[in-house]
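# Below is the structure, and that's it, no one-letter string:
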Ligand SMILES: [Fe+2]
Ligand SMILES: [Fe+2]
């Protein structure tokens with residue numbers, strides 16, 4: 001038998017989480033008018049971050065399966081509640097019992113996933129945990145594909161770290177240099 005394309009009962013644990021995310025968005029009772037980002041965008045963003053987390057996990061030799069789960073759930077608070085306020089920490093609090101109740105992840109895996117989710121908004125901080133940094137970078141990587149100015153609403157002292165990250169990530173991925181990012185860092189001050 002070939003690939004199941006998410007049909008049937010043969011989904012593995014990470015695929016089940018990915019299907020849950022899509023279902024949660026498609027069945028959400030919170031309309032776009034009451035959301036800070038649309039259901040459509042969250043579908044695109046969660047999917048995009050998952051695939052880019054795979055790419056970075058393979059490049060960095062990190063656990064791809066756990067990266068997929070953390071990437072898919074990184075904005076779970078926004079998916080479930082529609083708001084961004086403190087959504088990283090609150091998202092980890094949603095993911096933890098959900099992963100525990102699935103019975104498919106060890107405590108160590110749940111901690112790793114929830115660390116990735118809970119810290120993903122701290123792009124201005126550089127932790128010693130490569131998995132946490134992977135989730136921040138995958139999020140950043142996807143968002144900058146929606147436009148160079150996608151993070152312009154951020155405080156300038158924080159914004160420059162988004163630019164620093166995307167410069168490094170693009171280099172790591174072998175993508176052409178986009179001078180707009182380094183030019184903006186110069187304006188914002190190093
Ligand atoms: Fe986020
Ligand atoms: Fe995000």
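Received it, and whenever you're ready, just let me know what you need. Fair warning: this is a prediction, and the values are worked out from it, not measured in the lab. Ligands and ions are numbered 1, 2, ... in the order given.
# what packs against whichever strand or helix holds residue 164?
With the criterion set as DSSP states H and E, the secondary-structure element containing residue 164 is helix 156-172. Taking 3 or more Cβ pairs under 8 Å, 6 or more residues apart in numbering; DSSP states H and E as the contact definition, the neighbouring helices and strands of helix 156-172 are helix 39-60, helix 130-144, helix 179-188. Just so you know, the C-beta spots here come from the backbone N, C-alpha and C atoms, and that holds for glycine as well.
# in it, what's buried?
Neighbour-count burial for helix 156-172, with 16 or more other Cβ atoms under 10 Å as criterion, is recorded at 159, 160, 161, 162, 163, 164, 165, 166, 167, 169, 170.
# picking that back up, make a markdown table from the helices and strands packed on helix 156-172 and add mean neighbour count, mean pLDDT and distance to ligand 2 to it.
Converted to a markdown table, these look like this (neighbours: other Cβ atoms under 10 Å; pLDDT from 0 to 100; distance: least, Cβ to the ion, whole Å):
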| stretch | mean neighbour count | mean pLDDT | distance to ligand 2 |
| --- | --- | --- | --- |
| helix 39-60 | 18 | 98 | 6 |
| helix 130-144 | 22 | 98 | 4 |
| helix 179-188 | 13 | 94 | 18 |
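# residues in this protein within reach of ligand 2, list them.
The chain has residues 75, 139 near ligand 2, with proximity defined as Cβ under 5 Å from the ion.
# how many degrees apart are the helix or strand of the chain with the lowest mean pLDDT and helix 130-144 in direction?
Using mean pLDDT, DSSP states H and E, helix 179-188 stands out as the lowest-scoring helix or strand of the chain, at a mean of 94. Regarding helix 179-188 and helix 130-144, their directions subtend 100 degrees when assessed with axes from the mean of the first three to the mean of the last three Cα atoms, to 10 degrees.
# for helix 179-188, packing partners?
For helix 179-188, the packing partners by 3+ Cβ pairs under 8 Å, 6+ apart come out as helix 156-172.
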